[in-house]
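**Student:** Have a look; sequence and predicted model below, questions after that.
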Amino acid sequence: LFFSKYITAKYGSRYKIPDPGAIILVLLSVGLVKWLELDTKYHVDVVGETPSGFPSFRAPWSEIEDPKLLTKLLVDAIVIAAVNYILAMAIAKSFA
């Protein structure tokens, strides 16, 4: 953590990278895991291959099997939307 903050303080304004210390630490960590073979020798969990592209579209409610749960979720969603709408209108009126 100290190394990350030091690198960011020293080189953050010079290069237009938001947090160069964090990026360098991630790259060093990946290199150390690969070089020291931490995943095979010491059974350190690594992410592995990540899928590319976007997942196929599906409606989130198609996986909910209980209709009562779906009803509860929809009621809660409507209440949250109403509260957010009221807050947005109150903020808009205060700026108007």
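**Tutor:** Alright, I've got the coordinates.
**Student:** How far does the lowest-mean-pLDDT helix or strand in the chain sit from its chain's centre?
**Tutor:** Here the helix or strand of the chain ranked lowest by mean pLDDT, DSSP states H and E is helix 2-11, holding a mean of 73. Centre-to-centre, helix 2-11 and its host chain are 23 Å apart (CA atoms, centre = their mean, to the nearest Å).
**Student:** Tell me the first helix or strand C-terminal of that helix.
**Tutor:** As assigned by DSSP states H and E, the chain's next helix or strand after helix 2-11 is helix 20-35.
**Student:** average pLDDT across the next helix-or-strand element following that following helix?
**Tutor:** Once the chain leaves helix 20-35, the next helix or strand it forms, by DSSP H and E, is helix 38-41. Here helix 38-41 scores 86 as its mean pLDDT.
**Student:** and helix 38-41, which residues are buried?
**Tutor:** Residues of helix 38-41 classed as buried: none (neighbour count, 16 or more other CB atoms under 10 Å). In this view, the C-beta of every residue, glycine as well, is placed from N, C-alpha and C.
**Student:** same question, stretch 24-41
**Tutor:** The neighbour-count check on stretch 24-41 (16+ other CB under 10 Å) flags Ile24 as buried.
**Student:** quick one: contacts of it?
**Tutor:** Stretch 24-41 has contacts (CB atoms under 8 Å, 6 or more residues apart in numbering) with Phe3, Ser4, Ile7, Val44, Asp45, Val46.
**Student:** Okay then, goodbye and thanks.
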